[in-house]
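Asks: structure for this input, please:
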Amino acid sequence: MNSRTYNLLFLCTGNSARSVLAESIMNKWGKGQFRGYSAGSHPTGKVNPLALALLKQLEFPTEGLRSKSWDEFAAPSAIHFDFVITVCDNAAGEVCPYWPAQPMTAHWGIPDPAAVEGTEVEKKFAFRQAFKVMETRIKLFLSLPLASIDSLRLQERMDAIGKTPLEGQPK
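Replies: From the prediction side, this is the model:
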């Protein structure tokens, strides 16, 4: 039995929706083997209320969730991450800080539900869709045999997870 806890950082530009959803999902399904964190390159300073409402409705952890800069995690004395995953295309294209311990990285882009304009129902639907895609990808990641897979194969699998088709898009 592997008793190691892996640290995983989800990055987005604003750290108000997708990366926060991912942090909460990882902390629920990671069950102590994984600890999820989130940050942004240009944080908005607040978590989107629709993200928080959805997490509470689905009984996912919300305690301690906040919008914060990735600079908090870039210092040598900060938490060392095993994995860093970008969840928005803007953050994937930005020059990231140097991460101590040189974590494995991947990109799992998901459309920004906070950018959806329309009715309240349409906005909530966008958050639910982003949540479903992120939850599916995290569960695929959690099913990987980390103790027995080599780093090249693990990187390939992490990249493939990020290419999992989004619901409603062609495969």
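Asks: residue 42 touches residue 11, doesn't it?
Replies: No - in this structure, residue 42 is not within contact of residue 11 by CB atoms under 8 Å, at 11.1 Å. Every C-beta, even on glycine, is put in place using the N, C-alpha and C of the backbone.
Asks: which of the two has more residues huddled nearby?
Replies: residue 11 (28 against 15; other CB atoms under 10 Å).
Asks: separation between that one and residue 107?
Replies: The gap separating residue 11 from residue 107 is 9 Å, by CB to CB, to the nearest Å.
Asks: any regions of the chain where pLDDT drops low?
Replies: Low-confidence segments of the chain (pLDDT under 70): 1-2, 90-101, 166-171.
Asks: all the strands of this structure, in order from the start?
Replies: 6-12, 34-40, 83-86, 104-107 (DSSP state E).
Asks: out of these, which gets nearest to residue 126?
Replies: Closest approach to residue 126 among the strands of the chain (CB to CB): strand 6-12, 14.8 Å.
Asks: packing partners of that closest one?
Replies: Applying 3 or more CB pairs under 8 Å, 6 or more residues apart in numbering; DSSP states H and E, we find strand 6-12 packed against helix 18-29, strand 34-40, strand 83-86, helix 89-93.
Asks: ok now the second one, how far from the chain's centre?
Replies: The chain centroid and the centroid of strand 34-40 are separated by 7 Å under CA atoms, centre = their mean, to the nearest Å.
Asks: go on, the shortest one?
Replies: Going by CA atoms, centre = their mean, the spacing between the C-alpha centre of strand 83-86 and its chain's C-alpha centre is 7 Å.
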